[in-house]
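# Just to be clear, the model below is a prediction. Sequence and coordinates:
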Amino acid sequence: MLSSSTRSEPIKRLFHPLAIGSVAIFLGACGGIEAGDYWVYRVGETAAAVTDGCYYPETSPPQNVVSDSTTVLNSLTVVVYHTGDSSRVFDNGLVSLRGKETDGKFSFTGRSDDATFLGDDGEVAVLTATTMHTIDMTIDGRTVTGSTSELVTTKCEFLTPTPAGEFCPNPPVPDCQRDTQWFGVQLDDVRLSEHLEEPKAG
């Protein structure tokens with residue numbers, strides 16, 4: 001069975017404050033993104049829309065969550081770069097997703113599978129949680145808009161034809177989806193170290 005802590009809180013934000021190495025790098029962009037280019041954006045992200053499945057094993061969010069509201073945006077920094085192949089990469093300092101660019105529109109995706117084997121010897125069943133990350137991003141001049149979606153699906157499969165005992169969740173674990181919207185502007189001539197720094201004169 002999944003522990004009560006597995007879904008008792010909404011899944012974490014894909015976006016995190018940027019932290020890329022300790023060596024400062026000058027970044028700037030003009031025109032289309034070419035091999036070796038880096039684009040840096042400062043964006044504001046809305047509070048997440050979260051489905052009830054994210055609060056498993058509860059069937060709905062607790063009252064103290066339902067009653068919450070905010071118009072405050074999360075302040076974030078992201079980088080898009082071109083490594084020279086057909087892919088573009090979205091980097092938030094914690095994770096990177098590969099994607100494609102078409103006429104100023106980007107789509108980035110990533111998948112991770114977390115398998116847990118159940119039973120005394122791990123031979124009875126396997127519980128797999130699959131997380132799909134999807135980021136859509138549109139550039140219009142020096143402004144950018146985008147959306148982030150995280151979908152977690154869980155399935156349990158028996159590895160023996162005659163399993164003894166209840167190992168798989170019943171009823172099955174519901175899907176958990178978390179969506180945010182964000183918008184911002186491009187930054188020029190910035191330094192990336194542990195924090196964003198503006199270039200020093202001279």
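Received the coordinates, thanks.
# can we go C-alpha only for contacts and neighbour counts from here?
Will do.
# any weak-confidence spans in this protein?
Applying pLDDT under 70 to the chain flags residues 1-33, 164, 191-202.
# all helices for it, in order.
Ranges of helices within the chain are 63-66, based on DSSP state H.
# which residue ranges form the strands in it?
26-27, 38-45, 49-50, 74-82, 88-91, 96-102, 105-118, 125-140, 143-158, 176-187, 190-192, 196-197 (DSSP state E).
# Comparing the ones you listed, which stretch has the densest surroundings?
Of those, the one with the most neighbours on average (mean count of other Cα atoms under 10 Å) is strand 88-91, at a mean of 22.
# That one pairs with which strands, and in what direction?
Strands that pair with strand 88-91, judged by DSSP bridges, come out as strand 74-82 (antiparallel), strand 96-102 (antiparallel).
# Tabulate those strands (CSV), appending distance to residue 109.
Shown next, in CSV, are the strands paired with strand 88-91 (distance: least, Cα to Cα, whole Å):
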stretch, distance to residue 109
strand 74-82, 13
strand 96-102, 6
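# Which among those is found nearest to residue 143?
Set against residue 143 and scored by Cα to Cα, the strands paired with strand 88-91 come closest in strand 74-82, at 13.1 Å.
# Render the CA-only coordinates of the closest one in CSV, please.
C-alpha atoms of strand 74-82 as CSV (Å, rounded to 0.1, in the frame of the first residue of the first chain):
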residue,chain,number,x,y,z
ASN,A,74,6.1,33.1,-7.3
SER,A,75,9.2,34.8,-8.5
LEU,A,76,11.3,32.6,-10.7
THR,A,77,14.3,32.6,-13.1
VAL,A,78,14.6,30.1,-16.0
VAL,A,79,17.0,29.5,-18.8
VAL,A,80,16.4,28.1,-22.3
TYR,A,81,19.5,27.0,-24.2
HIS,A,82,20.4,25.4,-27.5
